[in-house]
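Participant: next come a sequence and a model predicted from it.
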Amino acid sequence: MKILVTGGAGFIGSFFVRKALSQGYEVCVVDKLTYAGDLRRIEDLLNKIKFYKADITNKEFLEYIFSKEKPQSVIHFAAETHVDRSILDPFLFLRTNIEGTYNLLEISLRFEVNCFLNITTDEVYGEISEGNFTEESPLKPNSPYAVSKASQDLLGRAFSRTYGLPVITVRPSNNYGPWQYPEKLIPVAIAKALLEEPIPLYGDGSNIREWLYVEDCAEAILLILERGKDKEIYNIGSGVEKRNLEVVRSILKVLKKSENLIFFVKDRPGHDYRYSLDSSKAEKELNWRPRFSFEEALEHTIKWYVEHQDWLFEKVGYLKEYWKRVYG
Ligand SMILES: NC(=O)c1ccc[n+]([C@@H]2O[C@H](COP(=O)([O-])OP(=O)(O)OC[C@H]3O[C@@H](n4cnc5c(N)ncnc54)[C@H](O)[C@@H]3O)[C@@H](O)[C@H]2O)c1
């Protein structure tokens, strides 16, 4: 089967591309290579895939790609993904995540794609202090990022209900693993710890996220492509909930660095306190379970960054000005 993967040079998309190729799929990647995209993530696969450097807001170019490739399925990862950046520049998020998704849905309908996997996020539900979100929970997104992803999510629903495009919606929780851009909590903490610089933590560090290893996420998405039901929504979470402070402490422990590096900064505006997914539907219907424990996957992730410090510190170099804007 030929699949078109948007955002395949990004963090999760690159793991998905690798997995799909290993299962015999023919893969074509569309990625704009923004600051977050990096072809090195899939460098060893470039001779096995078709790669298009393309912006999903450029509809004409997308039409050309679809007419040339005629993909049977679309797996849509491409997005602006960082909440802090959405607070600084919301419009870019609306363009990429809403207009870009609209273009892909509309073209997929015309080209009679068999399956459109719309990758959104647990953040579409907003925060929850107790219990967890099922796929039926109302969407109450809070940040500009989450609102753009909820809009993407609902556009997929509209194309499915109104025009009959076969759409499946996937809502994963917070991912971590090798190759994640060091603006997200885990790689920021690893980079700062290695540099022995203060590790910024919002508020008092008590916010809770559900941590999903990227390999487990990619595997779940492939299973959804193979066994997921049209029109359905699947939450994908690990059940592993941790406070941000706990996560950073674990990283410092593995790296044998002092907890004195932790540095609390003014809380993010509108910061969601806790996300938590009920993923029993994916477990029952797809027989999916995360394979990696948090401890072993975190250790593996830290080891990867230690062994890829050139890549890490190249990115950190670009982030210095940005960090000043965000953390003061
Ligand atoms: N990382 C997480 O914890 C997480 C959790 C839940 C859902 N998600 C969702 O999963 C998807 C992938 O996330 P990620 O962490 O891999 O993101 P990422 O930021 O690492 O990668 C995004 C990719 O999209 C590409 N891109 C951005 N704008 C584009 C455009 N206009 N046209 C074409 N390509 C463009 C970038 O170049 C990059 O390669 C996103 O849709 C995100 O919202 C991520």
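Facilitator: Alright, I've got the coordinates.
Participant: okay, CA-based contacts and neighbour counts for the rest of this
Facilitator: Noted.
Participant: wait, isn't Ser14 in contact with Asp38?
Facilitator: No - using CA atoms under 8 Å, Ser14 is not in contact with Asp38, being 9.3 Å away.
Participant: which of those two has more residues huddled nearby?
Facilitator: Ser14 (28 against 20; other CA atoms under 10 Å).
Participant: give me the distance between the more buried one and Phe159.
Facilitator: 26 Å (CA to CA, to the nearest Å).
Participant: the stretch 51-200 of the chain: strands as residue ranges?
Facilitator: Using DSSP state E, counting those that start in this stretch, the strands assigned to the stretch 51-200 of the chain run over residues 73-76, 115-119, 167-172, 174-176, 199-202.
Participant: and Ser238, helix, strand or coil?
Facilitator: Three-state assignment for Ser238 (DSSP: H, G, I helix; E, B strand; the rest coil): coil.
Participant: what of Val316?
Facilitator: For Val316, the assignment made with three-state DSSP gives helix.
Participant: number of residues surrounding the nearest residue to it once chain neighbours are set aside?
Facilitator: The shortest distance from Val316 to any non-neighbouring residue, by CA to CA, 6 or more residues apart in numbering, is to Pro182 (6.8 Å). Neighbour count for Pro182, taken as other CA under 10 Å: 19.
Participant: let the chain start at 34 from now.
Facilitator: Right, with 34 as the first residue, what we last looked at is Pro215.
Participant: so, low pLDDT: which residues of the stretch 184-333 of the chain?
Facilitator: Under the criterion pLDDT under 70, no range of the stretch 184-333 of the chain is flagged.
Participant: all helices for it, in order.
Facilitator: For the stretch 184-333 of the chain, the helices defined by DSSP state H, counting those that start in this stretch occupy 218-228, 247-260, 277-288, 313-319, 327-340.
Participant: again, but for the stretch 34-183 of the chain
Facilitator: Along the stretch 34-183 of the chain, the segments classed as helices by DSSP H, counting those that start in this stretch run 44-55, 92-102, 116-121, 123-126, 134-143, 177-196.
Participant: of all these, which one is nearest Tyr355?
Facilitator: Tyr355 lies closest to helix 116-121 among the helices of the stretch 34-183 of the chain, at 9.2 Å (CA to CA).
Participant: residues contacting Lys348?
Facilitator: For Lys348, the contacting residues are 214-215, by CA atoms under 8 Å, 6 or more residues apart in numbering.
Participant: okay, the strands of the stretch 84-233 of the chain in CSV with distance to Lys65 and mean neighbour count next?
Facilitator: Below are these laid out as CSV (distance: least, CA to CA, whole Å; neighbours: other CA atoms under 10 Å):
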stretch, distance to Lys65, mean neighbour count
strand 106-109, 13, 23
strand 148-152, 17, 24
strand 200-205, 22, 25
strand 207-209, 21, 22
strand 232-235, 30, 21
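Participant: I figured Leu278 hits Ser239, correct?
Facilitator: Yes - using CA under 8 Å, Leu278 is in contact with Ser239, at 6.2 Å.
Participant: more neighbours, those two?
Facilitator: The residue with more neighbours, out of Leu278 and Ser239, is Leu278; 18 against 15, by other CA under 10 Å.
Participant: contacts only, for that one.
Facilitator: 234, 237-239.
Participant: same check, this time on Gly189
Facilitator: Contacts for Gly189 (CA under 8 Å, 6+ apart) come out as 138, 151, 200, 202.
Participant: got it, and Ala53?
Facilitator: Contact analysis of Ala53 by CA under 8 Å, 6+ apart lists 60, 255.
Participant: how much space between Gly164 and Tyr267?
Facilitator: Distance of Gly164 to Tyr267, given as CA to CA: 17 Å.
Participant: picking up where we left off before, now the contacts of Leu278 in CSV, with distance to Asn147?
Facilitator: Below are the contacts of Leu278 laid out as CSV (distance: CA to CA, whole Å):
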residue, distance to Asn147
Leu234, 44
Asp237, 47
Gly238, 44
Ser239, 43
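Participant: list the beta-bridge partners for the nearest residue to Tyr360 once chain neighbours are set aside.
Facilitator: Nearest residue to Tyr360, sequence neighbours excluded (CA to CA, 6+ apart): Val298, at 6.5 Å. Beta-bridge pairing of Val298 under DSSP bridges involves Tyr235.
Participant: neighbours around Val298, how many?
Facilitator: Val298 is flanked by 16 other residues according to other CA under 10 Å.
Participant: would you mind listing what in the chain touches the ligand?
Facilitator: When proximity is defined by CA under 6 Å from any ligand atom, the chain lies next to the ligand at 40-46, 64-67, 69-70, 87-90, 110-114, 129, 152-154, 205-208.
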